[in-house]
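**Q** Just the structure for this:
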Amino acid sequence: MFVSLFLFSALLPADSPPLTVRVSSSRHEVTLTLGPMHLAPAPQGVGHSGMHHGSHGLPLERFSWPVSGWIRGFKVRITDGGSRPLDRRLLHHLNLLHLERRQLVEPVYERTIAVGQETEDAVHRGQSRGRSRDGPALGLCQ
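**A** Alright, predicted model coming up:
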């Protein structure tokens with residue numbers, strides 16, 4: 001029933017980027033906005049594979065899912081302080097974790113949505129979607 005929409009906004013200096021959660025019943029959307037934040041440049045000579053080592057610097061942002069319904073898809077937008085679009089290659093990984101469920105085979109949180117810079121926005125109109133209830137603890141992390 002609800003489409004989740006992720007926005008990374010205002011890539012400006014901040015100690016801990018705030019996460020805001022908004023619900024638009026008329027648009028059937030849940031919007032998660034993370035920022036402002038400062039993106040440090042990658043060290044000289046570090047490519048994509050080097051990003052998998054060490055900390056990414058984004059802590060787990062915990063929140064309660066605000067609605068009951070179907071998660072039918074997602075959109076990711078990265079913008080600067082003036083809401084102008086930025087290159088999606090700035091995104092390494094983004095995970096929406098269900099903190100009350102574990103993966104079947106591994107002792108890690110269930111990934112409700114996982115995206116990378118190569119992942120396109122997705123909206124499913126058929127049966128390919130997930131049921132969500134109001135109130136479970138979720139986490140947004142990199």
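**Q** contacts and neighbour counts: CA atoms only from here.
**A** Noted.
**Q** Where does pLDDT dip in this protein?
**A** Residues of the chain meeting the criterion pLDDT under 70: 1-16, 39-58, 126-131, 134.
**Q** Give me the phi and psi for Arg88.
**A** Dihedral pair for Arg88: phi -70, psi -20, per degrees, to the nearest 10.
**Q** now it: how far from Pro36?
**A** 16 Å (Cα to Cα, to the nearest Å).
**Q** Over to Gly82?
**A** Distance, Gly82 to Pro36, using Cα to Cα: 11 Å.
**Q** who are the neighbours in contact with the residue nearest to Leu90 when sequence neighbours are not counted?
**A** Computed as Cα to Cα, 6 or more residues apart in numbering, the closest residue to Leu90 that is not its neighbour in sequence is Gln117, at 7.3 Å. By Cα atoms under 8 Å, 6 or more residues apart in numbering, the residues touching Gln117 are Arg88, Arg89, Leu90, Leu91, His92, His93.
**Q** now these: which count as buried?
**A** Neighbour-count burial (16 or more other Cα atoms under 10 Å) applied to those gives Leu91, His93.
**Q** In strands, which of the contacts of Gln117 fall?
**A** His93 (DSSP state E).
**Q** out of the contacts of Gln117, who's nearest Ala137?
**A** His93 (20.2 Å; Cα to Cα).
**Q** what's across from the closest one in the sheet?
**A** Residues in a beta bridge with His93, per DSSP bridges, are Gly116.
**Q** ok, it touching Glu118?
**A** No: the pair His93 / Glu118 is not scored as a contact, 9.5 Å apart, by Cα atoms under 8 Å.
**Q** Just the C-alpha atoms of stretch 81-94, please, in PDB.
**A** Provided in PDB are the C-alpha atoms of stretch 81-94 (Å, rounded to 0.1, in the frame of the first residue of the first chain):
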ATOM      1  CA  GLY A  81      21.900  21.600   0.400                       C
ATOM      2  CA  GLY A  82      19.800  23.300  -2.300                       C
ATOM      3  CA  SER A  83      17.900  20.100  -3.200                       C
ATOM      4  CA  ARG A  84      19.800  19.800  -6.500                       C
ATOM      5  CA  PRO A  85      20.400  16.100  -7.600                       C
ATOM      6  CA  LEU A  86      23.900  14.700  -7.100                       C
ATOM      7  CA  ASP A  87      25.600  11.800  -8.800                       C
ATOM      8  CA  ARG A  88      24.200   8.500  -7.600                       C
ATOM      9  CA  ARG A  89      27.800   7.100  -7.600                       C
ATOM     10  CA  LEU A  90      28.100   8.900  -4.200                       C
ATOM     11  CA  LEU A  91      26.000   6.100  -2.800                       C
ATOM     12  CA  HIS A  92      28.000   3.000  -1.900                       C
ATOM     13  CA  HIS A  93      25.400   0.900  -0.200                       C
ATOM     14  CA  LEU A  94      22.100   1.600   1.700                       C
END
